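**Student:** pasting the sequence and the predicted model now:
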Amino acid sequence: MHDECLYLELSHCSEDRIFPLHTSIVFFLMSYCDTTSMKVFLVPNKDAADCPLWQKRVPANIPVALLSEQELPPVVRICRLPAVVERDGNYCRAGLAVVLRHIIQRTYDIDSSRKDVLELLGFKKTCLKACAEVSQWTKLCEISIPLAVERFIRKSIDHQAIPPEMLHLENKLGEPVHIHNDDKIRRQKLRQRMRNKNNKHTKKASNGGAGCSDDVSVVTKDLNEETKDSKNEEPTQEGSEGGADCSAEGADLTKDLSEENMESKNKEPTKKTSDGGAGCSSEGADVTKDLSEENKDTEGLSVELRTALSKLAVEQIPAVSSREQPSIRKVKTSDLPPLEHLFAEGLFFTLTDIVLFPCLHYYFVSLGDRQEQILKALPLLCRWYQRVQEVPGVKKAIVRCDIQLLNLPAPVPASGMLFPISVDNKDKKMKTMDPYFRGGPRPTMTKLEENGISARFIPHPCSSSQDWSNLPVAANPIEGMLSPERALRKQQQLDNIISIVTKLAKPGDTIVDFCSGGGHLGILLAHTLSSCQVILVENKEDSLERAKDRCDSLGLQNIWFLQANLDYFMGSFEIGVALHACGVATDMVIDHCIMAQAAFVVCPCCYGFMQNTVKYTFPRSQRFKSVLSYKEHMVLCRFADQTAVQLPAERRLIGKNCMGLVDLDRALAAEDHGYTVYVTSMEPDSCSPKNNLIVGTREQLNAST
């Protein structure tokens with residue numbers, strides 16, 4: 001029996017794909033995971049209601065039914081699809097990244113032998129976990145690339161330039177890989193390079209100078225001129241770098257992951273003889289077969305590929321345990337050779353690759369007659385596309401989704417590709433420099449005062465009236481796994497917010513607790529204001545599930561749970577609240593409230609994490625923009641975090657003033673939209689170092705209308 005329902009949007013479809021691409025991506029992952037435990041519904045819009053082609057594009061192993069928007073469960077109507085709802089109907093997961101991660105985790109929970117599926121979540125299970133506002137990869141996978149491909153397909157391809165999002169992704173594949181413990185792997189790569197060079201010189205000497213490669217320069221010199229190595233050194237290869245391989249290209253992952261003993265036209269595989277790989281061989285060896293036969297040939301693979309195969313192979317490749325030579329250990333980290341991308345985020349195949357593969361495939365297909373011309377500018381993406389399709393699980397998903405693979409030209413060696421990334425970043429940095437900037441908070445605060453701007457706080461307008469002794473245990477913060485001291489401070493924080501919200505709320509109102517965490521605020525609001533509907537919106541699954549368990553023990557019926565990034569919440573509401581919304585999340589919450597014309601009571605946090613994003617730039621208000629530059633505003637944000645109790649009193653006072661100025665900017669920005677806004681402090685001050693409250697209402701506007 002299906003205890004979860006998956007809802008996918010259907011905007012339109014063609015002979016070879018379903019739109020939006022988010023839906024095609026979900027089907028692709030489900031095919032990869034063999035997921036059949038969810039009941040799947042396609043929700044067509046008006047344009048797609050009468051389109052019969054969708055039945056041909058849905059994988060055969062996934063039963064699907066159509067459902068109208070009017071038939072959606074109430075908790076699904078408040079969010080953007082895709083969405084997954086549990087059987088009881090009050091817990092919803094929404095958004096592409098959240099839904100995909102849930103499908104992976106559920107597949108593993110049902111069948112714990114599917115460790116290959118769990119590995120898609122990457123190191124510490126963090127792949128695509130952060131929201132798009134703070135994670136470049138989540139932004140690329142969830143927003144930038146799917147939308148760019150859809151826009152490209154909708155328009156005529158004639159004379160269309162390569163989407164900038166594609167160029168950005170191409171450049172990212174050219175950046176050095178940074179992973180956990182990469183210092184050790186990079187030293188292994190250095191050792192392998194030095195051994196390869198020694199083997200080449202030995203072979204050249206034994207053959208009277210007729211070796212497999214030209215003379216190479218000293219390794220340590222090459223390390224500092226990495227991009228100049230391609231002319232006088234064998235390039236670093238994703239497929240094969242060991243021995244004295246006389247090819248200019250390494251063995252590609254096709255031969256490493258598939259069970260085919262075929263020769264490549266432009267390379268001779270690593271020789272498996274007693275010469276230790278120092279000569280040229282005419283016979284190849286299948287890496288997958290070798291892995292099951294005591295991993296005899298792993299020394300012939302590049303360090304990157306050997307590390308990646310240790311994740312993909314059924315029998316893991318043993319790690320090198322011998323201590324590095326002194327000459328290797330003494331090399332500075334900055335002088336070590338960089339690691340190169342095998343897959344999107346680095347060396348390992350992850351959920352990111354699953355998301356990008358359908359998008360890139362449909363983009364390549366849509367190029368038509370211009371395909372060969374355009375793909376010359378995207379060599380790394382072409383090479384990635386060819387590599388990903390050889391992962392065994394991807395092969396299966398390709399067949400089930402009836403994807404007709406493209407026969408792209410042979411990939412270009414990695415070391416022959418150069419991208420002016422550092423130049424672009426340098427130019428961008430030069431443009432943002434302010435020749436009149438003076439460091440420290442005092443010059444910035446003085447500049448604001450000279451223009452009539454200073455922090456302003458009003459006394460807290462409501463007195464605390466919460467009787468904690470008469471509340472059920474599950475409604476008390478101490479039930480949320482807090483120490484008694486922290487629970488007391490949390491009670492004081494909740495008192496300050498709830499006293500204001502109870503003055504604003506009316507029976508029948510919907511109150512949204514954004515960034516709800518473990519639900520301390522939302523649960524107490526649902527218990528206190530039983531005539532109101534409360535919605536908890538939180539991205540972290542563990543926190544939201546703890547909140548649901550507490551609500552179940554209280555028997556609350558007026559509360560919903562939405563695991564999603566803020567952008568996926570689409571419902572209407574009357575009051576928005578947030579307790580310690582981190583960094584730019586505070587601005588996202590206020591913007592959601594303004595769009596819904598709702599009142600808001602927000603306690604900001606983590607001012608030092610604030611920075612310009614795609615949707616938000618600082619300063620926020622016109623008045624601050626006319627006085628401060630972005631850099632000056634960031635100085636205020638950094639010093640606004642200097643309010644910890646262990647700091648000197650003078651520094652805490654400066655930090656409090658900076659907090660007040662940053663929040664004044666937010667308040668003025670909301671006033672530009674017709675709100676009445678004030679900034680106050682929670683009482684007592686000791687309840688939190690971040691004790692500001694920004695309260696906004698539309699009472700004046702409503703009175704005038």
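**Tutor:** Looks like it came in fine.
**Student:** by contact count, what packs against the strand or helix carrying Val601?
**Tutor:** If you go by DSSP states H and E, Val601 is part of strand 599-605. Judged by 3 or more CB pairs under 8 Å, 6 or more residues apart in numbering; DSSP states H and E, strand 599-605 is in contact with helix 484-504, strand 575-582, helix 585-595, helix 649-671, strand 692-697. No exception for glycine: its C-beta is placed from N, CA and C like everyone else's.
**Student:** export those to CSV and append columns for distance to Ser626.
**Tutor:** Formatted as CSV, these follow (distance: least, CB to CB, whole Å):
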stretch, distance to Ser626
helix 484-504, 31
strand 575-582, 27
helix 585-595, 19
helix 649-671, 11
strand 692-697, 21
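**Student:** Tyr678: which of these is closest?
**Tutor:** When the helices and strands packed on strand 599-605 are compared by CB to CB, strand 692-697 sits nearest Tyr678, at 5.6 Å.
**Student:** and the closest one with helix 585-595, angle?
**Tutor:** Strand 692-697 runs at 10 degrees relative to helix 585-595, counting by axes from the mean of the first three to the mean of the last three CA atoms, to 10 degrees.
**Student:** ok, and what's touching strand 692-697?
**Tutor:** With contacts defined as CB atoms under 8 Å, 6 or more residues apart in numbering, strand 692-697 is touched by 460, 496-497, 500, 504, 586, 590, 593, 599-604, 659-660, 663, 666-667, 670, 675-682.
**Student:** list only those of those residues flagged as buried.
**Tutor:** 460, 496-497, 500, 504, 586, 590, 593, 599-604, 659-660, 663, 666-667, 670, 675, 677, 679-682 (16 or more other CB atoms under 10 Å).
**Student:** would you mark the buried spots in the helix or strand containing His168?
**Tutor:** In this structure, His168 is located in helix 164-173 according to DSSP H and E. Buried residues in helix 164-173, defined by neighbour count with 16+ other CB under 10 Å: 165-166, 169-170, 172-173.
**Student:** chain center to that helix: distance?
**Tutor:** 16 Å (CA atoms, centre = their mean, to the nearest Å).
**Student:** helices or strands up against it?
**Tutor:** So helix 164-173, by 3+ CB pairs under 8 Å, 6+ apart, packs with helix 145-154, helix 379-388.
**Student:** so the last one versus helix 164-173, what angle?
**Tutor:** Helix 379-388 and helix 164-173 are oriented at 70 degrees to each other (the same axes, to 10 degrees).
**Student:** same check, this time on the first one
**Tutor:** Per the same axes, to 10 degrees, the angle that helix 145-154 makes with helix 164-173 is 140 degrees.
**Student:** list the contacts of helix 145-154.
**Tutor:** Taking CB under 8 Å, 6+ apart as the rule, helix 145-154 contacts 19-22, 25, 96, 160, 163-166, 169, 355-356, 359-360, 362-363, 366.
**Student:** ok so, going back, check the helices and strands packed on helix 164-173 for me and report the most buried one.
**Tutor:** Of all those, helix 379-388 has the most neighbours on average by mean count of other CB atoms under 10 Å, namely a mean of 22.
**Student:** still on that earlier bit, so which of the contacts of helix 145-154 belong to strands?
**Tutor:** Among the contacts of helix 145-154, the members found in strands (DSSP state E) are Phe19.
**Student:** just the buried members of the contacts of helix 145-154?
**Tutor:** Applying 16+ other CB under 10 Å to the contacts of helix 145-154 flags 19-22, 25, 96, 163, 165-166, 169, 355-356, 359-360, 362-363, 366 as buried.
**Student:** now for the helices and strands packed on strand 599-605, which one comes closest to Ser516?
**Tutor:** Going by CB to CB, the one of the helices and strands packed on strand 599-605 nearest Ser516 is strand 575-582, 8.2 Å.
**Student:** show me where the stretch 51-200 of the chain has helices.
**Tutor:** 54-57, 74-77, 96-110, 115-118, 136-139, 145-154, 164-173, 182-206 (DSSP state H, counting those that start in this stretch).
**Student:** between those, which gets nearest to Arg400?
**Tutor:** Once the helices of the stretch 51-200 of the chain are compared by CB to CB, helix 54-57 is nearest, at 11.4 Å.
**Student:** now the strands for the chain?
**Tutor:** Under DSSP E, the chain gives strands at 4-10, 12-13, 18-19, 39-44, 64-66, 83-86, 91-94, 510-514, 533-538, 559-563, 575-582, 599-605, 676-681, 692-697.
**Student:** wait, which of those is closest to Arg193?
**Tutor:** That would be strand 575-582 among the strands of the chain, by CB to CB, at 42.9 Å.
**Student:** can you put the helices and strands packed on helix 164-173 in TSV and add mean pLDDT?
**Tutor:** Putting these into TSV (pLDDT from 0 to 100) gives the following:
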stretch	mean pLDDT
helix 145-154	92
helix 379-388	93
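**Student:** relative to Thr617, which of the ones you listed is closest?
**Tutor:** Per CB to CB, nearest to Thr617 of the helices and strands packed on helix 164-173: helix 145-154, 20.5 Å.
**Student:** can you state the direction angle for the closest one and helix 96-110?
**Tutor:** Using the same axes, to 10 degrees: helix 145-154 against helix 96-110 is 120 degrees.
**Student:** where does the protein have its least confident helix or strand?
**Tutor:** Least confident element among the helices and strands of the chain, by mean pLDDT, DSSP states H and E: helix 287-291 (a mean of 38).
**Student:** which of the helices and strands packed on helix 164-173 sits closest to Ile103?
**Tutor:** So among those, helix 145-154 is nearest, using CB to CB, at 17.1 Å.
**Student:** using PDB, list the CA coordinates for that closest one.
**Tutor:** Below are the C-alpha coordinates for helix 145-154, written out as PDB (Å, rounded to 0.1, in the frame of the first residue of the first chain):
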ATOM      1  CA  ILE A 145      19.900  25.100 -15.600                       C
ATOM      2  CA  PRO A 146      16.300  23.800 -15.800                       C
ATOM      3  CA  LEU A 147      14.900  27.300 -16.500                       C
ATOM      4  CA  ALA A 148      17.700  28.100 -19.000                       C
ATOM      5  CA  VAL A 149      17.100  24.900 -21.000                       C
ATOM      6  CA  GLU A 150      13.300  25.500 -21.000                       C
ATOM      7  CA  ARG A 151      13.800  29.000 -22.200                       C
ATOM      8  CA  PHE A 152      16.200  27.900 -24.900                       C
ATOM      9  CA  ILE A 153      13.800  25.100 -26.100                       C
ATOM     10  CA  ARG A 154      10.800  27.500 -26.300                       C
END
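**Student:** can you give me the helices for the stretch 351-500 of the chain?
**Tutor:** So, for the stretch 351-500 of the chain - with DSSP H, counting those that start in this stretch - the helices run 351-366, 371-375, 379-388, 392-400, 421-432, 441-450, 484-504.
**Student:** which of these is buried the deepest?
**Tutor:** helix 351-366 (a mean of 23).
**Student:** which secondary structure elements does that one contact?
**Tutor:** helix 21-33, helix 96-110, helix 145-154, helix 379-388, helix 392-400.
**Student:** sorry, back to before: can you tell me what sits against the strand holding Val601?
**Tutor:** 493, 497, 500-501, 504, 574-583, 586, 589-590, 593, 659, 662-663, 666, 670, 682, 688, 690-698.
**Student:** quick one: strands adjacent to that strand?
**Tutor:** Its sheet considered, strand 599-605 pairs with strand 575-582 (parallel), strand 692-697 (antiparallel) by DSSP bridges.
**Student:** and Val177, which of those strands is closest to it?
**Tutor:** strand 575-582 (28.0 Å).
**Student:** check contacts around the closest residue to Leu529 other than its chain neighbours.
**Tutor:** Counting by CB to CB, 6 or more residues apart in numbering, Leu529 lies nearest to Ala505, which is 5.5 Å off, once chain neighbours are set aside. Residues in contact with Ala505 (CB under 8 Å, 6+ apart) are 511, 529, 532, 574-575.
**Student:** any idea how many residues pack against Met194?
**Tutor:** A count of neighbours around Met194, defined by other CB atoms under 10 Å, yields 16.
**Student:** quick one: pLDDT of it?
**Tutor:** pLDDT recorded at Met194 is 76.
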